[in-house]
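Undergrad: Quick one: sequence and predicted model below, then my questions.
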Amino acid sequence: MLDRDGYRPNVGIILVNARNEVFWGKRIREHSWQFPQGGIQRGESPEQAMFRELQEEVGLTREQVRILGRTRDWLRYDVPEHWVRREWRGHYRGQKQIWFLLQLTGRDSEVDLRASGHPEFDAWRWNNYWVPLEAVIEFKRDVYRNVLQELSRFLLGLGESGAMLRPNRRTAKRQTRSQEAAAAAVPTENLPPEHS
């Protein structure tokens, strides 16, 4: 389902633990890491899609998380043409996303990457809040920056600006140099739009 501008409606999920570290998933059989995300199906609200994707990709239910906030507006990114399936070229431009910030109220051991028959991730870890900015594939980076900044205001102990969480660029780069290299090594053939 694409809108008239060629963007697929999608939800993104930033899941934090009690230390405000973020859930970071490794794409199955790939060397790239990202936040959980997925398409909104016809008739679904963004919140319904978010809970469905949370269950499918992370194995958590609404009873195991608490919604802390969501982005005000749709955020868009374009997918480079060589990443788009041939049959979608000329129609598909990228994703438009509503992002949710969730806090895990259950235990780490409740995360189940095999909850669905089609797992998205084969590994996961908790990361410093700003690490994904440097580690995610380049075409998603502006959206990740905007999302992390906008949603940081909902985290406990932070002012409206999220100043306490501003990234230390040097530290973040040092921590993520290997992750960034891994994120760039993503196969470019037959990547379906819902995974972009």
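TA: Received it, and whenever you're ready, just let me know what you need. Residues are numbered from 1 along each chain as shown.
Undergrad: Okay, now the unreliable bits of the chain?
TA: The chain contains residues with pLDDT under 70 at 88, 156-196.
Undergrad: Just give me the residue right at the centre of it.
TA: residue 35 (2.7 Å; Cα atoms, centre = their mean).
Undergrad: Verify the stated contact: it with residue 131.
TA: No: counting by Cβ atoms under 8 Å, residue 131 is not a contact partner of residue 35; they are 11.3 Å apart. Yep, even glycine has a C-beta here, placed from its N, CA and C like the rest.
Undergrad: Now the common contact residues for those two.
TA: Listed as contacting both residue 35 and residue 131 by Cβ atoms under 8 Å, 6 or more residues apart in numbering are 22, 24.
Undergrad: for stretch 116-127, which positions count as buried?
TA: Of all the residues in stretch 116-127, those buried under the rule 16 or more other Cβ atoms under 10 Å are 119-121, 124, 126-127.
Undergrad: do the same with stretch 49-65
TA: The neighbour-count check on stretch 49-65 (16+ other Cβ under 10 Å) flags 49-60, 64-65 as buried.
Undergrad: Filter those residues down to the ones in helices?
TA: 49-58 (DSSP state H).
Undergrad: which stretches of this protein form strands?
TA: 7-16, 22-27, 33-34, 37-39, 65-70, 75-78, 94-104, 121-127 (DSSP state E).
Undergrad: Remind me what the last one packs against, helices and strands.
TA: So the one you mean is strand 121-127. strand 22-27, helix 46-58 (3 or more Cβ pairs under 8 Å, 6 or more residues apart in numbering; DSSP states H and E).
Undergrad: Need the ones you listed in a markdown table (columns: distance to residue 101).
TA: Output for those, formatted as a markdown table (distance: least, Cβ to Cβ, whole Å):
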| stretch | distance to residue 101 |
| --- | --- |
| strand 22-27 | 9 |
| helix 46-58 | 11 |
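Undergrad: hang on, the earlier thing: of all pairs in the buried residues of stretch 49-65, which one is the farthest apart?
TA: Farthest pair in the buried residues of stretch 49-65 (Cβ to Cβ) is 49 and 64. Separation: 17.5 Å.
Undergrad: What residues does the residue nearest to residue 70 when sequence neighbours are not counted make contact with?
TA: In space, and not counting its chain neighbours, residue 70 is closest to residue 100: 4.8 Å by Cβ to Cβ, 6 or more residues apart in numbering. Contacts for residue 100 (Cβ under 8 Å, 6+ apart) come out as 11-14, 46-47, 50, 67, 69-70.
Undergrad: next one: residue 52
TA: Per Cβ under 8 Å, 6+ apart, neighbours of residue 52: 38, 41, 44.
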